[in-house]
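Colleague: Got a sequence here, can you build the structure:
(chains A and B)
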Amino acid sequence: MTWSSVETIKENIHTEEFWVNMGPQHPSTHGVLYLEVKLSGETVVDLITHIGYLHRGIEKIAENRTYTQFIPFTDRLDYIAAMGNNLGYVLAVEKLMKMEVSDRAKYIRVIIAELQRVASHLVGITTFAQDLGAFATPLFYGFREREKIVELFDDICGNRLTYNYMRIGGLQFDLPKGADEKIKNIIKYMRPKIDDLESLFSSNAIFTARTKGVGALSKEKAVNYSVTGPNLRASGVKWDLRRDEPYLCYDKFDFDIPTGVNGDSWDRYKVRIEEMRQSLRIVEQAIGGLPEGDPTIKVGRIIKPEAGESYMRTEAPRGELGFYIVSDGSAYPYRMKIRSPSFSNLAVLSELAKGIKVADVVCVLGSLDIVMGDIDR
Amino acid sequence: MIKYFINIVAGAISLMKGLFVTFKNLFSKAVTVQYPTQKLQMTERYRGLVDLRIEKCIKCYMCVKICPTACLALAHKETAEKKKEFVYFKYNMELCCFCGLCDQVCPTQAIYLNQIYEIAVYGRDKLRDIDLLNTEKYGEWAHPTVK
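Modeller: I've put the predicted structure just below:
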């Protein structure tokens, strides 16, 4: 075939953009997420996200449950990091009731929340690698490491995934006997494992080629889309509620806030790895200075906050988690709104996906680390 | 062309680095257990199925009121000697979310969550209307030894 005949064939072939459905059941969407992707060849021209497949009406359920009864429901929001949700909710109710918890409760809450962050990031990073084709090996390593933390939580509160541990005014239980030793052992165990995991990914040529420069999110765009958490910090914005708006006793601890430069998938992965190290640093300091006392509840069984409203935001593993509660003075919240981090983080996907290849949509989605239970509520 | 070969060498080196990490794990201890033959001991605070120490219950309805999914149903009557007697105390495991709030509010530690964790059954009717007053209610389920 001569060159000129190829040219004529090219001229005669009719091509146009077309829509492809990705999901709702798709292994890389981390739940039930439906993406409509408009393609020109293999390049993404437009992307529309459809959410709501996991909607359970949790905000409405809250209006028919007492303040304590709603705690188990918060476990089901971001089920990878249930302790973070527990904490955000109880802090919001405590703010509404203008209540202070004991120092020991504060320290234990910090320890638990930071260990949960490590566990959550381990899942986030390794499932991200699996989306890129690193089948099973890093995923199993990550889950093996996470198992240590999950087992500790099982010891502390009696369950592995839906903890229901935090209480309004304190905690359900004090740490069991020997838990401090276990936590110290976890820190000792986790540090080399994180290094291993990092060398497994960072040195890998395929992983580097598929993440570097893919889905770069600029500083301005990240702020405009109200992206929070590691995704925002990867774009170079040094914003962390633990430092900028300290709650519990985070102001007593010394830790760094890792930031990225380009805001691409690589930076998002790097920030998460570094955040795990910083979390272990916080846990180490907290377990060293754990005060004596009673962290369990001091309030009555029926909680009736005064009429009013409160908004409390915390730095959950996936970003800024906010609970807005309106009380009319009764035992039930009048209205509750949950500001979930994954929702805003997912919103930026359609912006990031434009112009990249369809295979990289999976990469960007994985690096954003979303949980559908958090988005649909 | 040179870049092409450099890429191949770099890829091979990265592969070796990755293999080194997996090789280290080859000699570490296995973390899994052979499930049906080997079983884990549940922790002391483990939240299994709801169970009742019948003689301790004072029929205060705290557990029924606190349950977020309304899976407990209790009724009582008063005898001529002004004593409270059970009419029924039912537990719907289908609705239960194993949150343990009933355990926490019980003033006499009558209601508690036991250590049973193998709760798969062949019919849904076995999960509904479990009679907590029947001491043999969990006879079919495997009872792990409690510490």
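Colleague: only C-alpha atoms for contact and neighbour calcs from this point on.
Modeller: Will do.
Colleague: Once you drop chain neighbours, what's closest to the residue in chain B that chain A sits nearest to?
Modeller: The nearest approach of chain B to chain A comes at residue B:46, 3.9 Å away (CA to the nearest CA). Spatial nearest neighbour of residue B:46, excluding adjacent residues (CA to CA, 6 or more residues apart in numbering or on different chains): residue A:158 at 3.9 Å.
Colleague: Go ahead and confirm that neighbour touches residue B:43.
Modeller: Yes - Residue A:158 lies in contact with residue B:43 (CA atoms under 8 Å); the separation is 6.8 Å.
Colleague: ok, the two, which is more surrounded?
Modeller: Just comparing residue A:158 and residue B:43: by other CA atoms under 10 Å in any protein chain shown the higher neighbour count belongs to residue A:158, 25 against 18.
Colleague: what's the spacing between that one and residue A:187?
Modeller: To residue A:187, residue A:158 is 21 Å away according to CA to CA, to the nearest Å.
Colleague: before we move on, what about residue A:247?
Modeller: 23 Å.
Colleague: now do residue A:262
Modeller: 30 Å.
Colleague: Now do the contacts for the most centrally placed residue in chain B.
Modeller: Per CA atoms, centre = their mean, the C-alpha nearest to the average position across chain B is that of residue B:48, at 3.4 Å. Contacts for residue B:48 (CA atoms under 8 Å, 6 or more residues apart in numbering or on different chains) come out as B:98, B:113-117.
Colleague: burial count for the spatially closest residue to residue A:336 that is not a sequence neighbour?
Modeller: Once flanking residues are discounted, residue A:336 sits nearest to residue A:325: 4.6 Å by CA to CA, 6+ apart. Look at residue A:325: counted by other CA under 10 Å, it has 23 neighbours.
Colleague: quick check, residue A:325 in a strand?
Modeller: Yes - per DSSP: H, G, I helix; E, B strand; the rest coil, residue A:325 lies within a strand segment.
Colleague: Let me see the confidence value for residue 30.
Modeller: Since no chain was named, I'll use chain A. Per-residue confidence at residue A:30 stands at 72 (pLDDT).
Colleague: right idea, wrong chain: chain B
Modeller: Reading off the confidence values, residue B:30 has pLDDT 83.
Colleague: ok, now residue A:120?
Modeller: 92.
Colleague: And the next helix or strand past the regular element (helix or strand) spanning it?
Modeller: Assessed by DSSP states H and E, residue A:120 sits inside helix A:103-131. Moving toward the C-terminus from helix A:103-131, the next helix or strand (DSSP H and E) is helix A:137-157.
Colleague: contacts for that next one?
Modeller: A:115-116, A:118-119, A:122-123, A:126-127, A:129-130, A:159-161, A:163-165, A:172-176, A:179, A:182-183, A:186, A:190, A:193, A:197, A:200, B:31, B:43-46.
Colleague: ok, of the residues you listed, which come out buried?
Modeller: A:115-116, A:118-119, A:122-123, A:126-127, A:129-130, A:159-161, A:163-165, A:172-175, A:183, A:186, A:190, A:197, A:200, B:43-46 (16 or more other CA atoms under 10 Å in any protein chain shown).
Colleague: Return the backbone torsion pair for residue A:240.
Modeller: With angles defined as degrees, to the nearest 10, residue A:240 sits at phi -140, psi 120.
Colleague: how about residue A:37, secondary structure?
Modeller: strand.
Colleague: beta partners of it?
Modeller: residue A:20, residue A:47 (DSSP bridges).
Colleague: I'd assumed residue A:43 was in contact with it.
Modeller: No - in this structure, residue A:37 is not within contact of residue A:43 by CA under 8 Å, at 9.7 Å.
Colleague: and residue A:333, backbone torsions?
Modeller: Dihedral angles (degrees, to the nearest 10) for residue A:333: phi -70, psi 140.
Colleague: Near it, how many other residues are there?
Modeller: 23.
Colleague: okay, the closest residue to chain B within chain A: pLDDT?
Modeller: Nearest residue of chain A to chain B: residue A:158, at 3.9 Å (CA to the nearest CA). Note on residue A:158: pLDDT of 86.
Colleague: which residues touch it?
Modeller: Contacts of residue A:158 by CA under 8 Å, 6+ apart are B:43-47.
Colleague: count of residues packed around the nearest residue to residue A:324 once chain neighbours are set aside?
Modeller: Leaving aside its chain neighbours, residue A:324 sits nearest to residue A:311 (4.4 Å; criterion: CA to CA, 6+ apart). Applying other CA under 10 Å, we find 20 residues neighbouring residue A:311.
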